[in-house]
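Student: Coordinates for the following, if possible.
(one chain, ligands or ions: 2)
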Amino acid sequence: KAPEGTIVIFVLGGPGSGKGTQCNKIVKDFGFVHLSAGDLLREEQQNPNSKDGDLIKTYIKEGKIVPTEITVKLISKKMQESKSNIFLIDGFPRKLDQAECISGVTLVPMAFQHYRITTGADIWNLDSEVVEPHFILFLDCDKEVMKQRLLKRGETSGRIDDNIETIEKRFKVFEEESLPVIEYFGEKEKVHRIPCTESPDEVYLKIRPLLEGLNK
Ligand code: UP5
Ligand code: MG
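Tutor: Ligands and ions are numbered 1, 2, ... in the order given. Here you go, the predicted structure:
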């Protein structure tokens, strides 16, 4: 049963840590709407009408973080279109300025359960209640394990970033830019660190009680 009220959970972790895999399990059991920033960017990249397609492709190929306003627009559109009010946001925020702008000040419930994510100071002018991310699931995985998973997936995924050169770049960006986001939320005592080198089911056994706890 879905918990009452708006709940936003960020699912963060290195490339190949299992964010998508675990989110799918959570969706099945708890009915969250799963918004993977990477999936939304890939979808936009393939949309022939998008003006950002080429730029997104270049960034993903290089393992770099796409400019915030593009990603935020995609996430926020999906939230607005959704009839749900419980969201798993997978792979975002990915760098400190994204975290600072989104945490506590940027997820704004509008009338009739519509949502908007803003990235600027204009938020302070909005006469609305602010929603904090409920908590952060940090999938903490050994780098070598992640590398093997991604190389294996690369045999069939068709993802332009599942090759050894880009994988190394993604690791570097994760360590330099995304780990500070986890520290940032850690200081706010919002992070649940989930070791995730075991099988998907075993990892999920550690996650599920946290979601069940939301109903209490
Ligand atoms: N697998 C999963 N769990 C396993 C387990 N416990 N045991 C054994 N195998 C396991 O899993 C990866 C692979 O491992 C799969 O084959 C799975 O079966 C297996 P997955 O669940 O897909 O892991 P995930 O963490 O989701 O890996 P992903 O590759 O999606 O993570 P990234 O963070 O690298 O990718 P994302 O799609 O989020 O981003 C891609 C790029 O988009 C970024 O590099 C960046 O360029 C761009 N981007 C932005 O610019 N901004 C954003 O906000 C988001 C993305
Ligand atoms: Mg993913």
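Student: and after the strand or helix carrying residue 71, which helix or strand comes next?
Tutor: Under the criterion of DSSP states H and E, residue 71 resides in helix 68-81. Where DSSP H and E defines the elements, the next helix or strand beyond helix 68-81 is strand 86-90.
Student: Write out the residues of the protein neighbouring ligand 2.
Tutor: For the chain, the contact set with ligand 2 under CB under 5 Å from the ion comprises 19, 20. (Glycine included, C-beta is placed from N, CA and C.)
Student: Just want the residue of the protein that's nearest ligand 1.
Tutor: Closest approach between the chain and ligand 1, counting by CB to the nearest ligand atom: residue 38, at 1.8 Å.
Student: what residue lies at the spatial centre of this protein?
Tutor: With distances taken as CA atoms, centre = their mean, the chain has residue 90 as the residue nearest its mean C-alpha position (2.2 Å).
Student: Show the low-confidence segments of this protein, by residue range.
Tutor: Low-confidence segments of the chain (pLDDT under 70): 1-5, 100-132, 215-216.
Student: how about a cut-off of 90?
Tutor: 1-8, 68-86, 93, 96-134, 184-185, 187-190, 213-216 (pLDDT under 90).
Student: so residue 162, which of the three states?
Tutor: What DSSP: H, G, I helix; E, B strand; the rest coil gives for residue 162 is coil.
Student: What count of nearby residues applies to it?
Tutor: By other CB atoms under 10 Å, 20 other residues sit near residue 162.
Student: returning to that earlier point: wondering if the helix holding residue 71 reaches ligand 1 at all.
Tutor: Yes - using CB under 6 Å from any ligand atom, helix 68-81 comes into contact with ligand 1 via residue 71.
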